[in-house]
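> Can you look at this prediction? I've put the sequence above it.
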Amino acid sequence: MAVTSYTEEFTSTVSPARLFKALVTESHVFIPKAVPGGIKSVEFLEGDGGAGSIKQTNLVDGGKLKFMKHRIDVVDVENLYTKYTLIGCDIEFEKVESVVSEIKFEAAPGGGCICKMTSDYHVKAGYELKVEEVKEGKLRASGLFKAVEEYLVAHPEECA
């Protein structure tokens, strides 16, 4: 099985600790509030949010996907790092077996945050994955990050 990796970097005026809390440790509570037009709910099917937990993100009706399931592999609160694996959704991916993502939140010079995200696409045997084919997932991640950032800026009491 081949692995195709993509890395993205986002910057924000919001602190790394607040973004980590909103996107990782409190995502099940926070993300549906920040993105009500896209995410209906986030629930734990197994575990409590720590390593080994299975989390399902339920999307609003009418979209291409209805839900995604992730296994949380690592949650390192001290180092603001997480790793998780997309293990299922309601549509079958023709070329991709799984997607493993790692996210690190770091302080930016002068304040704010730099969020570094690497996604490893584990491609099924006999297939090749092109940049255009992962563009939608990258746009979705970027959109989620920006929506959460905007909500945190507008609501400074959240995830403080």
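In hand now; what should we look at? Here the structure is a predicted model, which is why all the values come from computation and not from measurement. Numbers count the residues shown, from 1 in each chain.

> So the residue of the chain positioned farthest from its centre: helix, strand or coil?
Relative to the centre of the chain, and counting by Cα atoms, centre = their mean, the farthest-placed residue is Gly126 at 27.6 Å. Assigned by DSSP: H, G, I helix; E, B strand; the rest coil, the conformation of Gly126 is coil.

> give me every residue that touches it.
Going by Cβ atoms under 8 Å, 6 or more residues apart in numbering, Gly126 touches no other residue. (Each C-beta comes from the backbone N, C-alpha and C, glycine too.)

> How much space separates it from Glu94?
11 Å (Cβ to Cβ, to the nearest Å).

> cool, and Ile54?
24 Å.

> next one: Glu157
Using Cβ to Cβ, Glu157 is found at 44 Å from Glu94.

> repeat for Asp120
From Asp120 across to Glu94, the span is 18 Å (Cβ to Cβ).

> picking that back up, who's more crowded, Ile54 and Glu94?
The neighbour comparison of Ile54 against Glu94 (other Cβ atoms under 10 Å) goes to Ile54, with 15 against 8.

> Hmm, Glu46 and that one touching each other?
Yes. Counting by Cβ atoms under 8 Å, Ile54 touches Glu46, with 4.2 Å between them.
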